[in-house]
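[1] coordinates for the following, if possible.
(one chain, ligands or ions: 1)
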Amino acid sequence: MSAPAYLPFARPTLDDATIQGVAAVLRSGWIASGPQVAAFERALSEYFGGRPVRTLTSATAAIEVALQVCGVGPGDEVITSAQSFFTAPNMIIKVGAKPVFVDCDLATRNIDLAQTAAAITPATRAILPTHFAGLPVDMDGLYRLAREHRLRVIEDAALAIGSSWRGRRIGAFGDLVAFSFHPNKNMTAIEGGALVLNNADEAKLTEKLRFHGISRLADGTRDVDVAGGKFNLPDVNACVGLAQLARLDEFTAARRALAEHYFRSFHTDPPCVLPARGHPGDEAGHSWNMFAPLLPLGRMRITRRQFIDAMHARGIGIGISYEALHLSTLARRFGYHEGNFPNAERIARETITLPLFPTMTFADVERVCTAAAEIIAQSRL
Ligand SMILES: *Cc1c(COP(=O)(O)O)cnc(C)c1O
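    You can find the predicted model right below:
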């Protein structure tokens, strides 16, 4: 009997038509930003209810540009969650501002809005929350707070394409919203990102900031009035993104069904802390990029590393999302230390990301659940 195939924790779904589309773009001779980017941006704008959208090479680029669009720089503070990917603090620091961390909620893993309110100072310019794993932040509370204090909001929606809040798509409302098309996200463009903006002026500024700061003059020459970067998406990537966007609803439905099967099938003794199912009454708004329980490490004889290695030995890939951002070497230079944010720190210690991608089967889910239950039972204290 042969061993079952290796099950990674994430895998993109790329069909033959997409692969042939890429070949056609390569043969067309136009492979940098061109007609495919224009078409992808039109399709994204339509998806987000007509709001202006500009593509970039990543969500990280989109968040850097978003901070610049908001005019965030030296002397400014930006409030962000201690539980997320490294992008938010990195880009806040890169534009010269100060990251101000607050804890997250243990169940949703999203930014704690009461702590956010308490962290606002006269130097605060923006709030930069993440929709963890595709579960939206409380959008009513977030935007009420931003309005009250006249703050900009930059949503890290890297994991949240396909998510919605009370029936409205994440990205179709709000302030600036950044998406990622990295292969582990709900749709991919190989690498890529998009920024949803409020108006034509912000879109124009984004075009400059993603391409050398260049504006074109009437006489055919160019001028630069802002130090832009080089973040324009190639047409090959846009072509993949367009094909993926057409299948996004199907991918999201598959992810939801698999997440439901995890809730039916994932039972361990001692129990793990399971992820939040969604906001009560609005469960359909979760797009399930990840299924990430917390291990009962206090009642296990093995470490998380050993659990992950044991799963790997059974052919199952496990991810970790995320480390506690305030405990990085870089963040500690701003004075942060252990004990600042207990929820973020506990999640950082105990979280595991189980395999979840649209082409997985219910049998794959059961294989993961059986393996995890056995390893935890064997290591029980
Ligand atoms: C993946 C991810 C990013 C980074 O996206 P890129 O497109 O790779 O830059 C940022 N934030 C979160 C929450 C992510 O999951």
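[2] just the C-alpha atoms of stretch 188-206, please, in CSV.
    Once non-C-alpha atoms are left out, stretch 188-206 reads as follows in CSV (Å, rounded to 0.1, in the frame of the first residue of the first chain):
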residue,chain,number,x,y,z
THR,A,188,-4.0,34.3,-6.9
ALA,A,189,-2.1,36.3,-9.5
ILE,A,190,1.1,34.3,-8.8
GLU,A,191,2.1,37.4,-6.8
GLY,A,192,0.0,40.5,-6.8
GLY,A,193,-2.2,42.9,-4.9
ALA,A,194,-4.9,45.5,-5.2
LEU,A,195,-5.9,48.7,-3.5
VAL,A,196,-9.5,49.9,-3.4
LEU,A,197,-9.6,53.7,-3.3
ASN,A,198,-12.2,56.4,-2.7
ASN,A,199,-11.9,58.6,-5.7
ALA,A,200,-10.0,59.5,-9.0
ASP,A,201,-7.4,61.6,-7.2
GLU,A,202,-6.4,58.8,-5.0
ALA,A,203,-6.3,56.5,-8.0
LYS,A,204,-4.1,58.9,-9.9
LEU,A,205,-1.7,59.2,-6.9
THR,A,206,-1.5,55.4,-6.6
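[3] in it, what's buried?
    Taking 16 or more other CB atoms under 10 Å as the basis for neighbour counts, the residues of stretch 188-206 that come out buried are 188-197, 202-203, 205-206. Every residue, glycine included, has its C-beta placed from N, CA and C.
[4] among the residues you listed, which are within reach of the ligand?
    Restricting those to those within reach of the ligand (CB under 6 Å from any ligand atom) leaves G193.
[5] between the buried residues of stretch 188-206, which sits nearest G213?
    L205 (9.9 Å; CB to CB).
[6] confirm that closest one sits in a helix?
    Yes - L205 forms part of a helix when assessed by DSSP: H, G, I helix; E, B strand; the rest coil.
[7] neighbours of the residue nearest to it when sequence neighbours are not counted, just the number please.
    Spatially, and ignoring its direct neighbours in sequence, L205 is nearest to V69 (5.6 Å; CB to CB, 6 or more residues apart in numbering). A count of nearby residues for V69, using other CB atoms under 10 Å, gives 21.
[8] one more: I320?
    Using other CB under 10 Å, the number of residues around I320 comes to 15.
[9] that one and E350 touch, don't they?
    No - under the criterion of CB atoms under 8 Å, I320 makes no contact with E350, lying 10.0 Å away.
[10] any shared contact partners between the two?
    Both I320 and E350 are in contact with R304, where contact means CB atoms under 8 Å, 6 or more residues apart in numbering.
[11] low-confidence ranges in the stretch 1-150 of the chain?
    Judged by pLDDT under 70, the stretch 1-150 of the chain has its weakly predicted residues at 1-2.
[12] up against the ligand, what does it have?
    Taking CB under 6 Å from any ligand atom as the measure of proximity, the stretch 1-150 of the chain contacts the ligand at 58-60, 84-85, 87, 130.
[13] still on that earlier bit, just the ones of the buried residues of stretch 188-206 in strands?
    193-196 (DSSP state E).
[14] want to throw those into CSV with pLDDT?
    Below are those laid out as CSV (pLDDT from 0 to 100):
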residue, pLDDT
G193, 98
A194, 99
L195, 99
V196, 99
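[15] any chance of the residues you listed in a markdown table, with distance to A107 too?
    Formatted as a markdown table, these follow (distance: CB to CB, whole Å):
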| residue | distance to A107 |
| --- | --- |
| G193 | 28 |
| A194 | 29 |
| L195 | 29 |
| V196 | 27 |
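[16] among these, which one sits closest to the ligand?
    For those, the minimum distance to the ligand (CB to the nearest ligand atom) is 4.7 Å, reached by G193.
[17] please list all residues in contact with the closest one.
    Applying CB under 8 Å, 6+ apart, one finds that G193 lies in contact with 55-62, 158, 178-181, 233.
[18] repeat that for A371.
    Residues in contact with A371, defined by CB under 8 Å, 6+ apart, are 310-311, 314, 316.
[19] same thing but at 7 Å, please
    311, 314, 316 (CB atoms under 7 Å, 6 or more residues apart in numbering).
[20] now do the SS call for it.
    Taken by three-state DSSP, the conformation at A371 corresponds to helix.
[21] look at the spatially closest residue to it that is not a sequence neighbour and report its pLDDT.
    Closest residue to A371 in three dimensions, ignoring its sequence neighbours and counting by CB to CB, 6+ apart: R314, at 4.8 Å. Residue-level confidence at R314 comes out at 98, pLDDT.
[22] keeping just the C-alphas, turn stretch 260-277 into CSV.
    In CSV, the C-alpha atoms belonging to stretch 260-277 read as follows (Å, rounded to 0.1, in the frame of the first residue of the first chain):
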residue,chain,number,x,y,z
GLU,A,260,-17.9,23.2,8.1
HIS,A,261,-16.6,19.7,7.7
TYR,A,262,-13.7,20.6,10.0
PHE,A,263,-16.2,21.8,12.6
ARG,A,264,-18.0,18.4,12.3
SER,A,265,-14.9,16.3,12.3
PHE,A,266,-12.2,18.0,14.4
HIS,A,267,-12.5,16.6,18.0
THR,A,268,-9.4,16.2,20.2
ASP,A,269,-8.9,15.3,23.9
PRO,A,270,-7.9,17.6,25.5
PRO,A,271,-9.9,19.9,23.2
CYS,A,272,-8.3,22.6,21.0
VAL,A,273,-9.7,26.2,20.9
LEU,A,274,-11.5,26.2,17.5
PRO,A,275,-11.7,29.3,15.3
ALA,A,276,-14.7,31.6,15.5
ARG,A,277,-17.4,30.4,13.0
